[in-house]
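> Got a predicted structure here, sequence first:
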Amino acid sequence: MIRRQFAALLLLFALTVPYAATYVAAQQPQGQQQPALDPNDPIAKIRDEGLNRSQVMQTLSYLSDVIGPRLTASPGMKRANEWTRDTLAKWGLQNAHLEAWGPFGRGWTLRRFSAQVTDPLDIPLIAYPKAWSPGTNGPLSADVVYFDPKNEEDLSRFQGQLKGKIVLTAAIREVKAHFETQGSRRDEKNLLTLANAPMPRPGGGRGGFGGGNNAQFQAAQQFAAKKNQFLMDEGAALLVDSSRGDGGTIFVQSATVPQPFSPNAFGPNAPRRINPYDKDAKMLPQISVAVEHYNRIVRMIQAGEKVKMEANIAVAYQDADLNGYNTVAEIPGTDPQLKDEIVMLGGHMDSWHSGTGATDNGAGVAVGMEAVRIIQALGLKPRRTIRIALWTGEEQGLLGSKDYVAKHFGKMETPATTTTSATQGGGDGAATTRATPVLVKMAEYDKLAGYFNLDNGTGKIRGVYLQGNDSVANLFRQWLSPFKDLGAETLSLSNTGGTDHLSFDGIGLPGFQFIQDDIEYDTRTHHSNMDVFDRIQGDDMKQAATIMAAFVYQTAMRDDKLPRKPEPGAARTANNR
């Protein structure tokens, strides 16, 4: 019944929505018979190797279980760089190397951690330090204070009360029951919505931070900055907040550095922000506690109990080498006319520290590595060079891929602003004219055939976000056709953000992120202590690696590079700057 209704909806959209006829055509009911592939067809071989002799789970297990957390610039990250380089070389890829970017900042390693309430009774706590947090210089035992100022004037209530104390900095958060599953796959309605998404607005989907111009948002951020500085000035010993998530799942990222709020923090000419990984960063020790435990401590204090906690945070900073590194390796092209052109694939290897980075984004790394292993193991001879890049610094702002793209392909540069007299209308000051960013091309800009990325967890591939590049739709539909029975058939004009394909798309290169099933990504694993190997779905990983290999191989074999969107800005080369 559902599928009959779905077929009727498809017919209705095909008659009434211009893009529906183009994009929904890929949305055929699963289970429909499709022609068998010729076993000698390279795509049939890729499918057989990827589904029946996969090594993707072994790769991911070593990366996540053995190497473990991979915070950017940490020893774990460097070990992962070296292991992936050596593994790719062992599989027969050429020019396997680490490529430096930066400088980034110092690494950070958690050596030892414990936290519990000690008075009026003993309560072990589920908690994790925040990344780059200082240590406590041995066990810290102190009274706990609930810090809940309502406004700037209310800060005076805590003056002289916080020195040497453990301070709870977040409000109580209600914990609701989960009446819906935390894990899900995209259903037909969701895929249909993606398939019929309109053409994105120009400039959309290339990252950024929202809310900066909202007066209420700015006021909240300004007050938060004043509270952070107040806590530092008052000499608090340890800051404690509650994590997003519940049921033992804690979402933990970076420590906060006290500094003035700027409404232009991420815009042009923004003042320098101090990051927790900067060598000159000054901050207090900070941990996140499971919300149920945190709420209990607050309620105990509100009931009049005097609460004491003990915490021990031992950390090490690494600042001998402030650079980050990407892992890069290649399968050389074989066509004399096309071998200098490049097809790229990748995902980011850095992770947060409370889990083992399995779904974010060990999954994408293992899928990318498996894709090139499949091509290499089959002895296929791509016409173009296939280059895999495993990025770092993604979690801090796509830093590794942005630097790589800027060096190899190009970047958007904004010329210096010009100042002119502003006397019209009675003004007597100066007006600043903001220049339009221009594209500065580097040596390999015209050689890139396309880039494919995976970074949305363990879910299988359901299709491709086209990033507004409708000229690749028919081609990608053909390439998805052999995988309809595996659930991959949706094309969406939509942009999708937050990961490394944006570094390519932002300068007009064809960079794509695959559509994936969400599984438990936002609800359980993304940036949490539950980002571990046991949350990975093995069959989904095999499917994703197989499709990635097929897309990369076919891009490497076609006569022409993938079609591109119009170049952003007026182009100039690095030689005529």
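That came through fine.
> wait, isn't Asp335 in contact with Ala556?
No. Asp335 sits out of contact with Ala556 when judged by C-beta atoms under 8 Å, with a separation of 9.1 Å. Any C-beta I mention is one placed from the backbone N, CA and C, and that applies to glycine too.
> Report the set of residues contacting both of the two.
The contact sets of Asp335 and Ala556 overlap at Arg383, Arg384 (C-beta atoms under 8 Å, 6 or more residues apart in numbering).
> neighbour count winner among those two?
The neighbour count for Asp335 versus Ala556, taken as other C-beta atoms under 10 Å, is higher for Ala556 (26 against 16).
> Verify the contact between the more buried one and Ile386 for me.
Yes. Using C-beta under 8 Å, Ala556 is in contact with Ile386, at 5.5 Å.
> shared neighbours, the two?
Common neighbours of Ala556 and Ile386, using C-beta under 8 Å, 6+ apart, are Gly333, Val343.
> now the helices for the stretch 101-250 of the chain?
Read by DSSP state H, counting those that start in this stretch, the stretch 101-250 of the chain holds these helices, from start to end of the chain: 188-195, 215-234.
> Now do the shortest one: which elements does it pack against?
By that I understand helix 188-195. With contacts taken as 3 or more C-beta pairs under 8 Å, 6 or more residues apart in numbering; DSSP states H and E, helix 188-195 sits against helix 2-16, strand 461-465, strand 490-492.
> Need the CA coordinates for the strand ranked longest in the chain. CSV is fine.
What stands out as the longest strand in the chain, according to DSSP state E, is strand 107-119. In CSV, the C-alpha atoms belonging to strand 107-119 read as follows (Å, rounded to 0.1, in the frame of the first residue of the first chain):
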residue,chain,number,x,y,z
GLY,A,107,48.4,19.0,21.1
TRP,A,108,46.7,17.7,24.2
THR,A,109,46.6,14.3,25.9
LEU,A,110,44.4,13.2,28.8
ARG,A,111,46.6,11.1,31.1
ARG,A,112,44.3,10.5,34.1
PHE,A,113,40.9,11.5,35.2
SER,A,114,38.4,10.9,38.0
ALA,A,115,35.6,12.9,39.6
GLN,A,116,33.1,12.2,42.3
VAL,A,117,31.0,13.8,45.0
THR,A,118,32.6,13.1,48.5
ASP,A,119,30.2,14.9,50.9
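> Give me the sheet partners of that strand and which way each runs.
strand 123-124 (antiparallel), strand 308-318 (antiparallel) (DSSP bridges).
> Now do it: everything it contacts.
By C-beta under 8 Å, 6+ apart, the surrounding residues in contact with strand 107-119 are 71-78, 122-125, 127-129, 131-132, 135, 141, 144, 277, 287, 289, 297, 306-319, 353.
> where in the stretch 251-400 of the chain is pLDDT low?
Regions of the stretch 251-400 of the chain meeting the criterion pLDDT under 70 cover residues 265-269.
> which residues of it fall in strands?
Taking DSSP state E, counting those that start in this stretch as the criterion, the stretch 251-400 of the chain contains strands spanning 286-289, 308-318, 324-331, 342-348, 385-391.
> Give me the phi and psi for Val532.
The phi/psi pair for Val532 (degrees, to the nearest 10) reads phi -140, psi 170.
> can you check Ala449 too?
Dihedral angles (degrees, to the nearest 10) for Ala449: phi -80, psi -30.
> burial measure for it, as a count.
22.
> ok, now which ones touch it?
With C-beta under 8 Å, 6+ apart, Ala449 has these contacts: Glu341, Ile342, Val343, Arg384, Pro510, Thr555, Ala556, Lys561, Leu562.
> among the contacts of strand 107-119, which ones are buried?
71-74, 76-78, 123, 125, 127-129, 131-132, 135, 144, 277, 287, 289, 297, 307, 309-315, 317-318, 353 (16 or more other C-beta atoms under 10 Å).
> re the thing from before, would you list the strands paired with strand 107-119 in a markdown table and tack on distance to Glu49?
Listed next are those as a markdown table, based on distance: least, C-beta to C-beta, whole Å:
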| stretch | distance to Glu49 |
| --- | --- |
| strand 123-124 | 48 |
| strand 308-318 | 39 |
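> Which one, of those strands, ends up nearest to Met349?
strand 308-318 (17.1 Å; C-beta to C-beta).
> circling back: out of the strands of the stretch 251-400 of the chain, nearest to Thr84?
strand 324-331 (4.6 Å).
> how far away is Met541 from Leu155?
Remark: distance between Met541 and Leu155 (C-beta to C-beta, to the nearest Å) = 50 Å.
> Those two: which has the busier surroundings?
Using other C-beta under 10 Å, the more surrounded residue of Met541 and Leu155 is Met541, with 25 against 18.
> ok, the spatially closest residue to that one that is not a sequence neighbour - how many residues close by?
Closest residue in space to Met541, ignoring its immediate chain neighbours: Val56 at 4.8 Å, by C-beta to C-beta, 6 or more residues apart in numbering. For Val56, the count of nearby residues is 26 (other C-beta under 10 Å).
> again with the one 10 residues further on
By other C-beta under 10 Å, 11 other residues sit near Val66.
> which residues does it contact?
Counting by C-beta under 8 Å, 6+ apart, Val66 has no contacts.
> hang on, it in a strand?
No. The assignment for Val66 (DSSP: H, G, I helix; E, B strand; the rest coil) gives helix, which keeps it out of a strand.
> So for the chain, the centremost residue is which one?
Thr499 (4.5 Å; C-alpha atoms, centre = their mean).
> Surely that residue and Asp455 touch.
Yes. With contact defined as C-beta under 8 Å, Thr499 reaches Asp455; the gap is 4.0 Å.
> residues shared between the contacts of those two?
With C-beta under 8 Å, 6+ apart as the test, Thr499 and Asp455 both reach Gly347, His348, Asn361, Glu394, Gln513.
> hang on, the earlier thing: the helices and strands packed on helix 188-195: lowest mean pLDDT?
Ranked by mean pLDDT, the helices and strands packed on helix 188-195 bottom out at helix 2-16, which scores a mean of 39.
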